[in-house]
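Engineer: Here is my input, please return the structure:
(one chain, ligands or ions: 1)
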Amino acid sequence: MTNSMHSFENGDALADALAATVAEKLASAIADKGTASLAVSGGSTPKAFFRALSTAPIEWTNVHVTLVDERFVPEDNPRSNHLLVNENLLVSPAAKARFIPLYQPVETAEEAAEIVTNKASAASLPFDVVILGMGTDGHTASFFPGGDTLAKALDKNTPAGVMAMNAETAGEARLTFTFSSLENASLLVLHIEGEKKMDVLNKALAGDDEAEMPIRAVLNRASSPVEIYWAP
Ligand SMILES: O=C1O[C@H](COP(=O)(O)O)[C@@H](O)[C@H](O)[C@H]1O
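Structural biologist: Numbering: from 1, shown residues only. Below you'll find the model as predicted:
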């Protein structure tokens, strides 16, 4: 599938444009089938986009929101992606959206993955909108280089759902939707900012070793076109 590049002057312009595109897609899904689903990334990049999207005048009560990945930490932990979404996206009109957390208060990430696969898959798959980020190591979602379940998570034949992932560079254990859950979103976005991330993207586009840079799985073989949103 062909990837498209959308470049902006700055992060605020990108946030407004991406929020408008996502809101339109969610509104059209609601008009077609009554509900819409949105899976977003955590990290430092999406804050302004979340703020812009939270004010969109759509029927948020009909939108399921979840995370493409999460750290195995409770929602009050400063490193929780859920916390980031609570504070920046699930505010204003978007506070009415139905949020599906990936973290579950159980012993292991593996147990949480099993529980949330049932909850999240029924409500939201296939996703209408998926917003991916990318780390400077070439990870996306929690597909980390060196991750203990990376090959399985990236295998197109692994069923849609959530898996646990452990990697030296990831800090905590992670929960991540599998590649097959994300690659066919009706709108599949890669949102990156900064020159350093553009260099990482160009390196990823120049090769095909997915174990080295897992973002390559998305760029090279997602069945939906990847809409790349970038600002310096
Ligand atoms: O660990 C994570 O990092 C990536 C990228 O984060 P950023 O801070 O460089 O924007 C993010 O996409 C992912 O959801 C998150 O769990």
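Engineer: so does the lengthiest helix in the chain get close to the ligand?
Structural biologist: For the chain, the longest helix by residue count, based on DSSP state H, is helix 11-33. No - taking C-beta under 6 Å from any ligand atom as the criterion, helix 11-33 and the ligand are apart, separated by no less than 11.4 Å. For the C-beta atoms, the positions are set from N, CA and C on the backbone; glycine is no exception.
Engineer: Can you name the next helix or strand after that helix?
Structural biologist: Following helix 11-33 in sequence order, the next helix or strand is strand 36-40 (DSSP states H and E).
Engineer: which residues are in contact with that next one?
Structural biologist: 22, 25-27, 29-30, 46, 50, 62-68, 85, 89, 97, 123-131, 177, 182, 185 (C-beta atoms under 8 Å, 6 or more residues apart in numbering).
Engineer: Quick check: which ranges of the chain have low pLDDT?
Structural biologist: Along the chain, segments meeting pLDDT under 70 span 1.
Engineer: all strands in it, in order from the N-terminus.
Structural biologist: For the chain, applying DSSP state E gives strands covering 4-7, 36-40, 63-67, 69-71, 98-100, 129-132, 162-165, 174-177, 187-193, 226-231.
Engineer: what about D208, distance to the ligand?
Structural biologist: Here the criterion is C-beta to the nearest ligand atom, to the nearest Å. By it, D208 lies 21 Å from the ligand.
Engineer: which ones are touching that residue?
Structural biologist: Taking C-beta under 8 Å, 6+ apart, we find D208 in contact with 216, 220.
Engineer: next one: phi and psi at it?
Structural biologist: D208 has phi and psi values of phi -140, psi 10 when expressed as degrees, to the nearest 10.
Engineer: what angle separates the longest helix of the chain from strand 63-67?
Structural biologist: Note on geometry: by axes from the mean of the first three to the mean of the last three C-alpha atoms, to 10 degrees, helix 11-33 and strand 63-67 are set 130 degrees apart in direction.
Engineer: Check which helices and strands helix 11-33 sits against.
Structural biologist: strand 36-40, helix 47-54, strand 129-132, strand 187-193, strand 226-231 (3 or more C-beta pairs under 8 Å, 6 or more residues apart in numbering; DSSP states H and E).
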